[in-house]
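Q: next one to model:
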Amino acid sequence: MKSKYFGIFTKEKYNIPNPNEIIKLFIKDNIFKETVSGKILEQKKTNEKNGFEFRVGFNLNEREYYYTFELVSEVYSFMMTYFTGSLKIHLILFQRDFEIENYGLSEKKKKKKAKKIFDKLFFQLTDKKDIALNENKIDTNVIEKRFNSLKREQNKLIESLKFEEEILNNYLLGKKDFFTRELLDQNQLLLKIFEFEKKLSILIGLNKKFQFEYDDIFTPKPKAKLIYEEYSHEFHSLKQIEFIENQITSIEKVNRAFVKSLFDFFSNKLKIKTPSGKLFGEIINDYFSHNFSIIKLNGSEGDSHDDKIKKIEKDWEIFTN
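A: Purely as a prediction, here's the structure:
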């Protein structure tokens, strides 16, 4: 996990005697956000039915500071690294038990049973009164997608971390030893987060299998689809990009020579529609977090390049059959 804030508190950076200067630095580093408190100075009725008029005053001397959402989101993701193993085990056990209990049933009956579990878990995490209504294209109100509701509930838990100063301070100081099994087992908010994420992982798993609703929040689109949406006119097919994603994410080390071989395979071996070497490299860099220089062929790539092409060709045959 890439970290912006872990261990950001250093003596070299924050060894400033003036507290006001430290706060300014916290704001600059997006650790704190500053607000000016507002107070209702006057309230009176208006001529409108049930109308009131408020006069709000701001006291510039009464400033409040709170931790930014960016910071607590990073801390939440950090805590999730401790939960991941246990969450995977719980999900596997749930899936095993579900298959055992529903062995021999048709997919239709399995989906019906899964929907009951989905509903039960969903309403354990979300209150009915908190589910929003959205106006659709024919001007009728429809409830929002369930994963939108779940994301809002998750954000509430993230916001709650703003009050866990001991956790935040130790994170900012980079004290990894503070985050012990004992902390995870005793801190009430962390226990609540774990229970939420455990049920959420089951809901995501059930939805992936039975497709109750389209989820682009917790189950983001594969990179191949994102690339195809942006560059469909540059490629022969979605299948081609799916293969590229599969190749890049499945090998241990991706280097520029391998990307060049991929480009050469599609543009010259298969001779199907492929972006220019320059654009091909830019797409790989942008979507797969690499920083390769411009991809171009010089006509004398050598035996190693040819061997890569042969391997890619075999993989392509397997992938497309």
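Q: and Ser73, what's its pLDDT?
A: In the prediction, the pLDDT value recorded for Ser73 is 97.
Q: okay, and it sits in which element?
A: Under the criterion of DSSP states H and E, Ser73 resides in helix 69-101.
Q: what's that helix packed up against?
A: Counting contacts by 3 or more Cβ pairs under 8 Å, 6 or more residues apart in numbering; DSSP states H and E, the secondary-structure elements packed against helix 69-101 are helix 146-160, helix 165-173, helix 181-186, helix 188-210. Bear in mind the C-beta positions are built from the backbone N, C-alpha and C, glycine included.
Q: the inter-axis angle of that helix versus helix 146-160?
A: Computed by axes from the mean of the first three to the mean of the last three Cα atoms, to 10 degrees, the angle separating helix 69-101 from helix 146-160 equals 130 degrees.
Q: pull out the buried positions in helix 69-101.
A: Neighbour-count burial for helix 69-101, with 16 or more other Cβ atoms under 10 Å as criterion, is recorded at 69, 71-72, 74-76, 78-79, 83, 87, 90, 94, 98.
Q: now the helix or strand following it: average pLDDT?
A: On the C-terminal side of helix 69-101, the closest following helix or strand by DSSP H and E is helix 107-125. Here helix 107-125 scores 97 as its mean pLDDT.
Q: okay, angle between helix 107-125 and helix 188-210 too, please.
A: Orientation check (the same axes, to 10 degrees): helix 107-125 against helix 188-210 gives 160 degrees.
Q: so how far is helix 107-125 from its chain's centroid?
A: 24 Å (Cα atoms, centre = their mean, to the nearest Å).
Q: residues in contact with it?
A: 98, 102, 105, 146, 149-150, 153, 196, 199-200, 202-203, 206-207, 209-210, 212 (Cβ atoms under 8 Å, 6 or more residues apart in numbering).
Q: same thing but 7 Å
A: Applying Cβ atoms under 7 Å, 6 or more residues apart in numbering, the set of residues contacting helix 107-125 from outside is Asn102, Arg146, Leu150, Glu153, Phe196, Lys199, Leu200, Ile202, Leu203, Leu206, Phe210, Phe212.
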